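S.K.: coords please:
(chains A and B, ligands or ions: 2)
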Amino acid sequence: MAFINPKTKEVQIKIVYYGPGRGGKTTNLEYIYSKYDHRIKTEMVSLKTHGDRTLFFDFMPFDIGSVLGYAIKIQLYTVPGQVKYNATRRVVLRGVDGIVFVADATKSVREKNILSLKNLYENLKSYNKSIFKVPLVLQYNKMDLAEQGIPLLSFDRMQKDMNAQLKVPAFPASALTGTNVIHTMKQIIKLTLPSVQQNLKEEVMS
Amino acid sequence: MSYTLEHKQLEAIDDLLQHDLIDMGVTCVLLIDMAGNIIANIDNGKRKHDIYSLAALAAGNFGAVSAMAKIIGEDEFSLLFHKGKKENIHFSRVSDEFLLVSIFGNQVSLGFLRLKVAETIKTIKDLLKTAKKF
Ligand SMILES: Nc1nc2c(ncn2[C@@H]2O[C@H](COP(=O)(O)OP(=O)(O)O)[C@@H](O)[C@H]2O)c(=O)[nH]1
Ligand SMILES: [Mg+2]
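M.R.: Numbers count the residues shown, from 1 in each chain, chains lettered A, B, ... in the order given. Ligands and ions are numbered 1, 2, ... in the order given. Predicted coordinates for the structure are as follows:
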């Protein structure tokens, strides 16, 4: 839940990158960091294993300017994707305002995407949140692998697998090359901001 | 969904943290919610920490420890404290939604800090009850 602070004139919003392990969540944040390092005053926090896998989460604050005189502070998080880390994944999801689901378009991991989406549905439910109501964007990642002849799921196939019921914005992307990474982030901010903005208006008017 | 607190209440919280903790020798205090948002943050001005990262890690850490407590059949652990060479960090649950994080040097004893924190939390709890959810 976003926090509106009338004293410091700040709004803090929590965006979580979710999805199967090795799908490219951390790579998304790393790309954003590399592009916007002038706006991100601190180091990216990464809690990972020796094998470079996300153990708990990655974290990065991101300033996007101001609305109605309030500085909007976006807090970007990733979860650990591996199935066994569900307890910590749930912790990171607490109080989430918007979610980017990073799916892996590699053909061989199709099942993992579907399982992870189901897991998101269940974890949100444990916080009395509905996957159908939370601001959500899908990203079909690793599209660049097509050039190496690695079999990928088509955009249509991914849409049928992941988005048939959700019907949320979805983008093909490559976190490695940066294709659509910033676009994805802008879209989730665009989806998350309106409700906060509405609340902010009420707050400023009152 | 968002929530807010009135300017007046936030000021009261700042004053309380300053008076009860910082004036007593505590280096830095953060009042955060369980999502990792910062509600209030006061320090003695001597050193600047990366408070956004600190808040994210503190909320995550507290969430993880709470989940561990549940697994072994405890409601919660009453003492959450890390000791360093020069600085120490203490976590205290204010309510289901809020957490108070205190960073303090060795000139402040843990017993004294816990006493002060417990007192402070009583008042903060009431102030936080005025939070308005949209
Ligand atoms: N080819 C390709 N590899 C990617 C892409 N995104 C991530 N990777 C690689 O996939 C692996 C897992 O990425 P990571 O971001 O750690 O996944 P996470 O578990 O979701 O955080 C790493 O070796 C990345 O370099 C992509 O768009 N294309
Ligand atoms: Mg990762």
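
S.K.: what ranges does chain B have for its helices?
M.R.: According to DSSP state H, chain B carries its helices in the segments B:7-20, B:51-71, B:110-128.

S.K.: quick one, which of those gets closest to A:Lys201.
M.R.: Relative to A:Lys201, the nearest member of the helices of chain B by CB to CB is helix B:7-20, separated by 16.9 Å. In short, each C-beta sits where N, CA and C put it, glycine included.

S.K.: remind me what the closest one packs against, helices and strands.
M.R.: Under the contact criterion of 3 or more CB pairs under 8 Å, 6 or more residues apart in numbering or on different chains; DSSP states H and E, the helices and strands touching helix B:7-20 comprise strand B:26-33, strand B:38-43, helix B:110-128.

S.K.: give the residue spans of chain A that score low on pLDDT.
M.R.: Low-confidence segments of chain A, defined by pLDDT under 70: none present.

S.K.: need the longest strand for it.
M.R.: Ranked by residue count under DSSP state E, the longest strand found in chain A is strand A:54-67.

S.K.: the inter-axis angle of that one versus helix B:51-71?
M.R.: Inter-element angle recorded for strand A:54-67 and helix B:51-71: 140 degrees (by axes from the mean of the first three to the mean of the last three CA atoms, to 10 degrees).

S.K.: name the strands paired with strand A:54-67 and say parallel or antiparallel.
M.R.: Applying DSSP bridges to the sheet, strand A:54-67 is found paired with strand A:45-48 (antiparallel), strand A:70-78 (antiparallel).

S.K.: export these as JSON lines, with columns for mean neighbour count and distance to A:Asn113.
M.R.: Shown next, in JSON lines, are those (neighbours: other CB atoms under 10 Å in any protein chain shown; distance: least, CB to CB, whole Å):
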{"stretch": "strand A:45-48", "mean neighbour count": "16", "distance to A:Asn113": "22"}
{"stretch": "strand A:70-78", "mean neighbour count": "22", "distance to A:Asn113": "16"}
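
S.K.: okay, the ones you listed in CSV with distance to ligand 1 next?
M.R.: Written out in CSV, the entries for these read as follows (distance: least, CB to the nearest ligand atom, whole Å):
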stretch, distance to ligand 1
strand A:45-48, 9
strand A:70-78, 6
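
S.K.: please identify which of those strands is closest to ligand 2.
M.R.: strand A:70-78 (5.1 Å; CB to the ion).

S.K.: what residues does that closest one touch?
M.R.: Residues external to strand A:70-78 that are found in contact with it (CB atoms under 8 Å, 6 or more residues apart in numbering or on different chains): A:4, A:9-18, A:25-26, A:28-29, A:32, A:54, A:57-66, A:92, A:185, A:189, A:193, A:200, B:36-37, B:52, B:56.

S.K.: one step back: among the helices and strands packed on helix B:7-20, which comes closest to ligand 2?
M.R.: Closest approach to ligand 2 among those (CB to the ion): strand B:26-33, 23.5 Å.

S.K.: what sits up against the closest one?
M.R.: Outside of strand B:26-33, the residues within contact range by CB under 8 Å, 6+ apart are A:1, A:3, A:95, B:13, B:17, B:21-22, B:38-44, B:46-47, B:49, B:51, B:54-55, B:58-59, B:87, B:94, B:97-105, B:108, B:113, B:116, B:124.
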